[in-house]
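Asker: need coordinates for the below:
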Amino acid sequence: MTAKAKSYKRGRTYAPEVRLAPGPRAMGDTGDGSYTTLFGYAWAAVLDRVERRFRLFQAQVPGEGPWALNDSRGPEVAVWVEVEAPPLPHPVEEVVHMGLAFDQAARHVVVYERQGEVWIRQWDPVSQSYVMRGPFPGVDPVVLNDAVVGYFPPDSDVLVWHLTPDRMSLVQRVQRHLYAIAHVVQTFAEPVVLDQAVALPYQIELLGSLVSALDATGYALRSELYPVYVHDTIGQAALVPPSEGAYIPVVIVQDLRTDLLGTATLSAPTTGTYIPIVIVLNMEDALGQAQLAAPTTGAYVPVVLIFDPGTDALGTASLAAPTTGSYALVVIVVDTTTRPGYTSPDVLGTATLSAPTTGAYEPA
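Answerer: Numbering: from 1, shown residues only. Predicted structure coming up:
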């Protein structure tokens, strides 16, 4: 699988441009929304100077369909197949520095420079059509969906970077803001060019050169590290909020739908002037023991504990409300028989629900 392209030095030139990007199995098909579905296939955008139009291609295996990036046979088994795409609103001869990416809607995003302005085409889910964003004053745009960096589509976005017209500052625009806000991320001591955005594992790298030395690597900028999401089974979990403070709002959500957990301990703050707490424990899998301890002291301690054992057995459940406090408002919900869809009561080994034992005002 090869894509013919002419290499050339940067400058005032209109040589052909080819941009590669990972994308969906089919345009507009989000499937299950997973990373593999949305970014598991190879795409290419071409500024065709001969036919004078923008063209979009996908790598496909003859007789099989889209070629997956994780195909162990390698790219040699695939060929480029053109996919229908609407034309750009500007003549191809006026378009330079094109970039390609795909968003969460499984639609392509195209960025390019035209006469010192940056244009961005994206899919609008409201009008169900492609729309143009811009023009924004600037040069050398590049684009990347940071899902290919953090590998977590639900928390991803399409990012566009470009230089200001004087080439002295680097700005970033985000699709969730419709690219309208220019965030300055770097300033330079002399004019530069911006070549490309590279997806590294859990980090973005932007590469460029100094205008005064185009043949040398002038700079490489890297983002902060992206978070790593862990979805594996864990033996023990302990969630401990702050132990003290004048105002400590806390929300703890423990959702154990598919993983096994040996012991779960959720400890709320022990002291504080005002400590509102919400603890949600949703267990549809086996759990050996669960302990949910509310604050033991405080001037004002409202507590909400929601315990839903779902449809599985639970060995022991102990829910303890505050033991002291001048105002201790407690709400405890245990649902073992009335959850929608239940056909029979669930099995619960032992349930102990303790209301506050002392306090000046204690509705429980």
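
Asker: any weak-confidence spans in the stretch 151-300 of the chain?
Answerer: Along the stretch 151-300 of the chain, the model assigns pLDDT under 70 to residues 217, 230-300.

Asker: for it, which segments count as strands?
Answerer: Assigned by DSSP state E, counting those that start in this stretch, the stretch 151-300 of the chain shows strands spanning 158-163, 169-174, 183-187, 192-200, 203-210, 219-222, 236-239, 250-256, 261-267, 277-283, 287-293.

Asker: quick one: contacts of the second one?
Answerer: The contact list for strand 169-174, computed with C-beta atoms under 8 Å, 6 or more residues apart in numbering, reads 120, 136, 138, 157-164, 179-188, 194, 206, 221. The way it works is simple: take the backbone N, C-alpha and C, and place the C-beta from them, glycine included.

Asker: what residues of that strand count as buried?
Answerer: Judged by neighbour count using 16 or more other C-beta atoms under 10 Å, the buried positions of strand 169-174 are 169-173.

Asker: give me the phi and psi for I181.
Answerer: Backbone torsions of I181, given as degrees, to the nearest 10, read phi -100, psi 130.

Asker: wait, Y35
Answerer: Torsion angles at Y35 (phi, psi; degrees, to the nearest 10) stand at phi -60, psi -40.

Asker: and for the one 4 residues further on?
Answerer: Here the main-chain torsion angles of F39 (degrees, to the nearest 10) amount to phi -140, psi 30.

Asker: name the element the residue nearest to it when sequence neighbours are not counted belongs to?
Answerer: Once flanking residues are discounted, F39 sits nearest to P22: 4.3 Å by C-beta to C-beta, 6 or more residues apart in numbering. Using DSSP states H and E, P22 maps to strand 17-23.

Asker: that strand to strand 192-200, inter-axis angle?
Answerer: Interaxial angle of strand 17-23 relative to strand 192-200 (axes from the mean of the first three to the mean of the last three C-alpha atoms, to 10 degrees): 30 degrees.

Asker: just the buried residues of the contacts of strand 169-174.
Answerer: Buried members of the contacts of strand 169-174, counted by 16+ other C-beta under 10 Å: 120, 136, 138, 158-164, 179, 182, 186, 188, 194, 206.

Asker: which single one of the residues you listed is nearest to R53?
Answerer: Of all those, R53 sits closest to I120, with 18.7 Å by C-beta to C-beta.

Asker: do you know how far that closest one is from P165?
Answerer: Distance of I120 to P165, given as C-beta to C-beta, to the nearest Å: 17 Å.

Asker: assign V46 to helix, strand or coil.
Answerer: Assigned by DSSP: H, G, I helix; E, B strand; the rest coil, the conformation of V46 is strand.

Asker: does it touch R53 like I think?
Answerer: No. V46 lies out of contact with R53 (C-beta atoms under 8 Å); the separation is 9.2 Å.

Asker: between those two, tell me which one has more neighbours.
Answerer: Neighbour count, other C-beta atoms under 10 Å: between V46 and R53, V46 has more, with 23 against 14.

Asker: beta-bridge partners for that one, please?
Answerer: V18, R55 (DSSP bridges).

Asker: V148 sits in which helix or strand?
Answerer: helix 147-150.

Asker: C-alpha coordinates for stretch 146-162, PDB please?
Answerer: What follows is stretch 146-162, C-alpha atoms only, in PDB (Å, rounded to 0.1, in the frame of the first residue of the first chain):
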ATOM      1  CA  ASP A 146      -6.300  13.500  21.000                       C
ATOM      2  CA  ALA A 147      -8.100  10.100  21.300                       C
ATOM      3  CA  VAL A 148      -5.100   8.800  19.300                       C
ATOM      4  CA  VAL A 149      -2.900  10.000  22.200                       C
ATOM      5  CA  GLY A 150      -5.000   9.100  25.300                       C
ATOM      6  CA  TYR A 151      -6.800   6.100  23.700                       C
ATOM      7  CA  PHE A 152     -10.100   7.200  25.500                       C
ATOM      8  CA  PRO A 153     -12.700   8.500  23.000                       C
ATOM      9  CA  PRO A 154     -15.300   9.600  25.600                       C
ATOM     10  CA  ASP A 155     -12.800  12.300  26.900                       C
ATOM     11  CA  SER A 156     -11.300  13.200  23.500                       C
ATOM     12  CA  ASP A 157     -11.600  16.200  21.200                       C
ATOM     13  CA  VAL A 158     -10.300  17.500  17.900                       C
ATOM     14  CA  LEU A 159      -7.400  20.000  18.400                       C
ATOM     15  CA  VAL A 160      -6.200  22.500  15.900                       C
ATOM     16  CA  TRP A 161      -2.900  24.400  16.200                       C
ATOM     17  CA  HIS A 162      -1.600  27.200  13.900                       C
END
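
Asker: returning to that earlier point: show me the two of the buried residues of strand 169-174 that sit farthest apart.
Answerer: Greatest spatial distance in those: S169 and R173, 13.1 Å, computed using C-beta to C-beta.

Asker: appreciated, that's everything.
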